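Asker: Based on what follows, work out the 3D shape:
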Amino acid sequence: MDWKLFAQLAMTLVVAILGVWIGHYFSALRDVANERRKLRISYLLEAYRRLEGASNRDAPKTCWPQFESAIADIQLLGSAHQVSLARQFAIDTAKDRSASLDDLIFNLRQSLRSELELEPISENVLFLRFIDKG
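Answerer: Coordinates of the predicted model:
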């Protein structure tokens with residue numbers, strides 16, 4: 001038996017197995033990161049929708065559960081700045097029974113647009129509300 005040929009084949013096999021293992025490891029890391037990103041975007045997008053939908057309403061008590069849920073999600077999955085803004089909103093709301101959401105909504109929108117690779121928008125969010133006068 002030619003030991004030189006055997007050594008070359010064995011080394012080729014070791015390199016191939018190592019390459020497959022390393023490729024699988026990095027692929028698994030990428031998959032976990034992508035799943036985490038999708039979950040975070042999903043929750044923050046839903047929190048954005050709940051905050052926007054509950055804002056500037058005539059009957060705020062009916063919207064309190066939406067605010068509570070959205071603030072909880074932001075504190076769990078938001079950036080450090082978003083958590084700080086959500087916390088400040090909660091403190092101001094508890095103290096004064098009202099608070100501005102403009103900074104938090106704006107920051108959430110910018111963050112989500114960036115994550116989704118959409119162009120940034122600098123204008124503030126406009127809340128469209130219809131009032132029934134009948």
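Asker: Identify the residues contacting Arg37.
Answerer: Applying C-beta atoms under 8 Å, 6 or more residues apart in numbering to Arg37 gives the contacts Glu115. Placement of C-beta: from N, CA and C, glycine included.
Asker: element containing it?
Answerer: helix 3-54 (DSSP states H and E).
Asker: pLDDT on that helix, on average?
Answerer: For helix 3-54, mean pLDDT is 92.
Asker: same check, this time on stretch 87-102
Answerer: 90.
Asker: ok, back up a step: state the next helix or strand along the chain beyond the helix holding Arg37.
Answerer: helix 64-77.
Asker: Okay, buried residues for that next one please.
Answerer: Gln66, Phe67, Ala70, Ile71, Asp73, Ile74, Leu77 (16 or more other C-beta atoms under 10 Å).
Asker: what sits against the third one?
Answerer: Contact criterion C-beta under 8 Å, 6+ apart gives Glu46, Ala47, Tyr48, Arg50, Leu51, Ala54 as the residues in contact with Ala70.
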